[in-house]
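Novice: using only what follows, build the 3D model:
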Amino acid sequence: MRNLNSKLVMDFISEQGYDSIEKTYVAYTPLEKFVCIAVAESYDNETDVNSAQLAVEAVLTAFEKKPSLKRLREYIRYANEQILLHSTRSQLKVSITVLVSDYTRMRYAYCGNTRLYVLYENLLTHTSKTQTKYQQMLENNEEEKPDNEEIHNLTEYLGRDKHVRPFVSKVTPLTEGSTILFATSNLWGRLSEIEILDAYEYTKTGREFLEILQELLLSLQEENDQRMGSFTAAFLYIEKTFKEDTQKKKKRKRMIWIAVIVLTAIVVIVTIVILCIRALDRRKMTEIEKLDQRGVRYMGYENYDKALTQYEQAVKQAEGLSLNNWQYIEEKRELTETVTDREAILTLFQEAEAAFAGSDYVQAKKLYAQIQKESVYQGFDELSEYAKKKAEEITARMQIMQLISLGDMYQSTEDYEEALFQYNRALNELTKMMDLELQGDVQAKIFAIRQKQKENSQAEEAAQKEAEQKKEEEEAAQKEAKADRAVIRINTYIANANNALEEGRPERARELYKQALSRYNKFTGSSEDADKLYADITALGQAITEAEVKAAEEAQEEHLARAAKYMIQAKEAARAGDKTTARTLYENALAVYQSLNIWDERVQEVYDALDELDHGGAADTGQAQNDAQGQKDAQQGQAAPRKAKNR
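Specialist: Just a heads-up that it's a prediction; the model follows:
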């Protein structure tokens, strides 16, 4: 309805000038309730994309999503984000002016050096400022008229930083018959306000006004012989604004007053209810506090049963307190926790007393320890001290019962001396407390053990001699059996070592030989068995030594055969011209000789062959001689293992 019942006329002119592409852009979007106009000018070196167009389209996109007179700053910030996002090859720089109207009022914002003029009846009623060094010099009165070059010295523009700071005007009403002129820097920087007013005065239509401004700019360019870039001039003529219905306003105000009165009444009623609930809660809290004071008084008299009765009543009263009405929440919660905790302590006390009376000392001790700890937090020092004494008494009783149990255990195993020791310890502890019944039980146990000791003493003396004789016989038999087992183990080691030698494992045979020798050194049997074992171990050691010598000789001969094979392969490679392979094989043969600690003419032969490879060749006779010697060494190396086996 606002758009249909108002009339705003929009027109513009735009010239590319001597720029490679258009550097200015203007666009507007009329909606049902709002209209948005944006004019922008770019200052970057981009030749493919008009960044001014990018900024204007971003503003109009944001406006279409959320049209409002209050969101101009958001529109410009969104445009700045888009400019920064597209600043890939070079930094984009844009000035922009945005105007939003609801067909009754208007509000504008700018960032950079694009301007807005409001004209009415041949007068300039309003002129926007710019964010430039030129504007700062005008405001500071540094010069009568600053240099026009400062017009393009921007202090704020889109693309400068992530946080853009545009100027946003206040909301002002639209005046019918007024004209709003949007101008880029090439227009307002070259035409004065008087020239703009003159052009406006002698025109009948907005289009004529724009054409006169264009002619003035072109004439200035010809007179001063200056190359002028892109410029844009756009006007918005306010022919008719939307008239709001005053009756609706009055009705809206009446409804607001009714809502305020109803809300006030509701607040008063809620306040009265809250005060009533507050008084009720306060009375309940006072009753609970009185019960708490009585309970504390009974606790001071050590009348714990009466104190528990008071706190049970206090807990019932506390359960009636509401924690959901926002009245005395902390006080009610604290009071409830206090009486509940104190009732719990006294309940534990009754359980501890019952456990103690039933001789359940483990459970009673746990309960008294918990009571002692929690009563300190509640300020019940007398109860804490009582629980401490009870816990100490329980500890003493448990120690006495443990001593009696130990005595019973030793008595059941007929360890009468230790049983008497434990019973006497228990009797000494019982003298510190008045428990005559338990003392009588312990003394009866001691008397029974004394009688049992007297009966067993004579039988022990008679059996002692028989036991000593039997012990001597058993020790002799054990010694003989031990010697037999030692002979069997040593013979087992010797047999396993001989088997290892037959299998060609001299290392395992040497290990078993050491174990047999170690056990032989500890042997304590007859001299006959010792002599036989000594002969077997000596023969085993000699056989192991011979096998190790034989294995070493075979290993050395095998290494020599491998070295001779390397020599033959190296000479064949050298004869074929493959010096790299020949060198590698000679070095392998040299490594074998070095590992065997051989430094005779064979090593010298390797060094001579390496030198010949380094110096480019050797005599034919020397080559033939080396080949013959290598074949001889190889044949000796292959025959050596067979000779060792026949030995």
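
Novice: tell me what the longest helix along the chain is packed against?
Specialist: Within the chain, and with DSSP state H defining each element, the longest helix by residue count is helix 436-502. Counting contacts by 3 or more C-beta pairs under 8 Å, 6 or more residues apart in numbering; DSSP states H and E, helix 436-502 is packed against helix 381-412, helix 416-430, helix 506-521, helix 527-575. For the C-beta atoms, the positions are set from N, CA and C on the backbone; glycine is no exception.

Novice: how about the CA coordinates for the helix or strand hosting E41, as CSV?
Specialist: Counting by DSSP states H and E, the element that carries E41 is strand 35-42. Backbone C-alpha positions of strand 35-42 (Å, rounded to 0.1, in the frame of the first residue of the first chain) are rendered in CSV as follows:
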residue,chain,number,x,y,z
VAL,A,35,12.7,1.6,-1.3
CYS,A,36,16.5,1.4,-1.4
ILE,A,37,18.9,3.5,-3.7
ALA,A,38,22.7,2.9,-3.8
VAL,A,39,25.4,4.8,-5.7
ALA,A,40,29.0,3.7,-5.7
GLU,A,41,32.3,4.6,-7.2
SER,A,42,35.5,2.5,-7.4
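
Novice: for it, what is the average pLDDT?
Specialist: Across strand 35-42, pLDDT averages out at 96.

Novice: can you show me the strands along the stretch 151-300 of the chain?
Specialist: 167-168, 172-173, 179-183, 231-240 (DSSP state E, counting those that start in this stretch).

Novice: now render those strands as TSV, adding mean pLDDT, distance to L308 and mean neighbour count.
Specialist: Shown next, in TSV, are those (pLDDT from 0 to 100; distance: least, C-beta to C-beta, whole Å; neighbours: other C-beta atoms under 10 Å):
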stretch	mean pLDDT	distance to L308	mean neighbour count
strand 167-168	96	72	16
strand 172-173	94	79	11
strand 179-183	95	87	24
strand 231-240	93	87	21
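
Novice: in a markdown table: those, plus distance to T97.
Specialist: A markdown table is the format used below for the strands of the stretch 151-300 of the chain (distance: least, C-beta to C-beta, whole Å):
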| stretch | distance to T97 |
| --- | --- |
| strand 167-168 | 10 |
| strand 172-173 | 15 |
| strand 179-183 | 6 |
| strand 231-240 | 10 |
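
Novice: so which of these is nearest P506?
Specialist: Proximity to P506 (C-beta to C-beta) singles out strand 167-168 among the strands of the stretch 151-300 of the chain, at 101.2 Å.

Novice: does anything pack onto the closest one? Which helices or strands?
Specialist: Secondary elements touching strand 167-168 (3+ C-beta pairs under 8 Å, 6+ apart): strand 105-111.

Novice: ok, the helix or strand just after the strand it packs on: who's next to it in the sheet?
Specialist: Using DSSP H and E, the helix or strand that directly follows strand 105-111 along the chain is strand 115-120. If you go by DSSP bridges, strand 115-120 pairs up with strand 123-127 (antiparallel), strand 179-183 (antiparallel).

Novice: for those strands, give me JSON lines that also has distance to S518.
Specialist: Formatted as JSON lines, the strands paired with strand 115-120 follow (distance: least, C-beta to C-beta, whole Å):
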{"stretch": "strand 123-127", "distance to S518": "115"}
{"stretch": "strand 179-183", "distance to S518": "111"}
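
Novice: hmm, Q293 and T338 touching each other?
Specialist: No - contact criterion C-beta atoms under 8 Å: T338 and Q293 do not qualify, at 11.6 Å.

Novice: the two: which has the busier surroundings?
Specialist: Each of T338 and Q293 has its neighbours counted (other C-beta atoms under 10 Å); T338 has more, 17 against 11.

Novice: nearest residue to the more buried one in space, please, no chain neighbours.
Specialist: Leaving aside its sequence neighbours, T338 sits nearest to D292 (C-beta to C-beta, 6 or more residues apart in numbering; 6.8 Å).

Novice: OK, contacts around the one you found?
Specialist: D292 is in contact with 310-311, 314, 335, 338-339, 342, counting by C-beta atoms under 8 Å, 6 or more residues apart in numbering.

Novice: how about those residues, which pair is most distant?
Specialist: Q310 and L335 (14.2 Å).

Novice: between those two, tell me which one has more neighbours.
Specialist: Neighbour count, other C-beta under 10 Å: between Q310 and L335, Q310 has more, with 23 against 20.

Novice: give the contact list for the more buried one.
Specialist: 291-292, 294-295, 298.

Novice: show only the entries of those found in helices.
Specialist: In this view, these that belong to helices under DSSP H are 291-292, 294-295, 298.

Novice: now the angle from the strand holding E41 to strand 231-240?
Specialist: 170 degrees (axes from the mean of the first three to the mean of the last three C-alpha atoms, to 10 degrees).

Novice: so what's the residue nearest to the spatial centre of the chain closest to, chain neighbours aside?
Specialist: Centroid-nearest residue in the chain: K162, 30.4 Å away (criterion: C-alpha atoms, centre = their mean). Closest residue to K162 apart from its sequence neighbours, by C-beta to C-beta, 6+ apart: L84 at 6.7 Å.

Novice: one step back: packing partners of the strand holding E41?
Specialist: Strand 35-42 sits against strand 24-30, helix 51-65, strand 94-101, strand 179-183, strand 231-240, with contacts defined as 3+ C-beta pairs under 8 Å, 6+ apart.

Novice: neighbouring strands of it in the sheet, and parallel or not?
Specialist: Here, using DSSP bridges, strand 35-42 pairs with strand 24-30 (antiparallel), strand 94-101 (antiparallel).

Novice: tell me the gap between it and the middle of its chain.
Specialist: 48 Å (C-alpha atoms, centre = their mean, to the nearest Å).

Novice: what do you get for stretch 194-203?
Specialist: How far stretch 194-203 lies from its chain's middle: 70 Å, per C-alpha atoms, centre = their mean.

Novice: gap between the spatially closest residue to Y18 that is not a sequence neighbour and N50?
Specialist: Nearest residue to Y18, sequence neighbours excluded (C-beta to C-beta, 6+ apart): R227, at 4.5 Å. Look at R227 and N50: by C-beta to C-beta, to the nearest Å, they are 19 Å apart.

Novice: who's more crowded, these two?
Specialist: More crowded of R227 and N50, by other C-beta under 10 Å: N50, with 21 against 8.

Novice: picking up where we left off before, quick one: closest of the helices and strands packed on strand 35-42 to H152.
Specialist: H152 lies closest to strand 94-101 among the helices and strands packed on strand 35-42, at 9.5 Å (C-beta to C-beta).
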